[in-house]
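> here is a sequence together with a model predicted from it:
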Amino acid sequence: EPEVTQTPSHQVTQMGQEVILRCVPISNHLYFYWYRQILGQKVEFLVSFYNNEISEKSEIFDDQFSVERPDGSNFTLKIRSTKLEDSAMYFCASSFDRSKNIQYFGAGTRLSVL
Amino acid sequence: AQSVAQPEDQVNVAEGNPLTVKCTYSVSGNPYLFWYVQYPNRGLQFLLKYITGDNLVKGSYGFEAEFNKSQTSFHLKKPSALVSDSALYFCAVRDSSFSGGYNKLIFGAGTRLAVHP
């Protein structure tokens, strides 16, 4: 069964460093998303991406964040200068169809900012 | 504003007994409702959805959910729980009236289901 894959599973970084979280969505999907979950809190929407541009972003997704689909398979989330409060589990998701909108999620990347 | 509430942090049930995991929602238009399950070290797995039609929706692994518009609820149910159902369950909603953007999901806080042998 096709699945969304995320790497790495755990990323440890120093405050102020840049990190790139990688995702390979399901191959025929057209819509891509990042969510995050701070420990003990809700899963929160960060950004959605379609046709090589951001279609919606939350207030969490400030100038420190960016997304890119550099080739036909990868979808990345970059945090330019990490803060302690960026420590969270980051989930990538993809969907084929906007109307049915079943989003398929990866296993997540746990980001720990020290 | 759109929101989802899962009033129980944890639900405990004995194997073989029926289970219910509660979810209530608030949206301005008609809701698209989803249940996802998360097993340890796994991503969120889609269980079932309600968009229109029958209020009782059947999904994966024997789960079903009942949409109740008057109570704005979408409770997850299973007639006979298995130990392997123990996991974290998330309810999510999308507001169908929102025409901009591409269908972000609003999640509840999650409910941990523990099924005891």
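Yes, it's here.
> what about B:Leu113, neighbour count?
B:Leu113 has 22 neighbours, counted by other C-beta atoms under 10 Å in any protein chain shown. Every residue, glycine included, has its C-beta placed from N, CA and C.
> so who does it touch?
B:10-11, B:13, B:19, B:21, B:81, B:85-89 (C-beta atoms under 8 Å, 6 or more residues apart in numbering or on different chains).
> cool, B:Pro117 as well?
Neighbouring residues of B:Pro117 by C-beta under 8 Å, 6+ apart: B:14-15, B:83.
> got those as TSV, with pLDDT and secondary structure columns?
Below are the contacts of B:Pro117 laid out as TSV (pLDDT from 0 to 100; DSSP: H, G, I helix; E, B strand; the rest coil):
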residue	pLDDT	secondary structure
B:Ala14	98	strand
B:Glu15	97	coil
B:Val83	96	helix
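> chain A: which of those residues is nearest?
B:Val83 (22.1 Å; C-beta to the nearest C-beta).
> surely that closest one touches B:His116?
Yes: here B:Val83 reaches B:His116: they are 7.5 Å apart, a contact under C-beta atoms under 8 Å.
> okay, and the common contacts of the two?
Counting by C-beta under 8 Å, 6+ apart, the shared contacts of B:Val83 and B:His116 are B:Glu15.
> coming back round to it: quick one, which of the contacts of B:Pro117 are buried?
Among the contacts of B:Pro117, none scores as buried (criterion: 16 or more other C-beta atoms under 10 Å in any protein chain shown).
> which ones among the residues you listed also lie next to chain A?
Applying C-beta under 8 Å from any C-beta of the partner chain to the contacts of B:Pro117, one finds that nothing falls near chain A.
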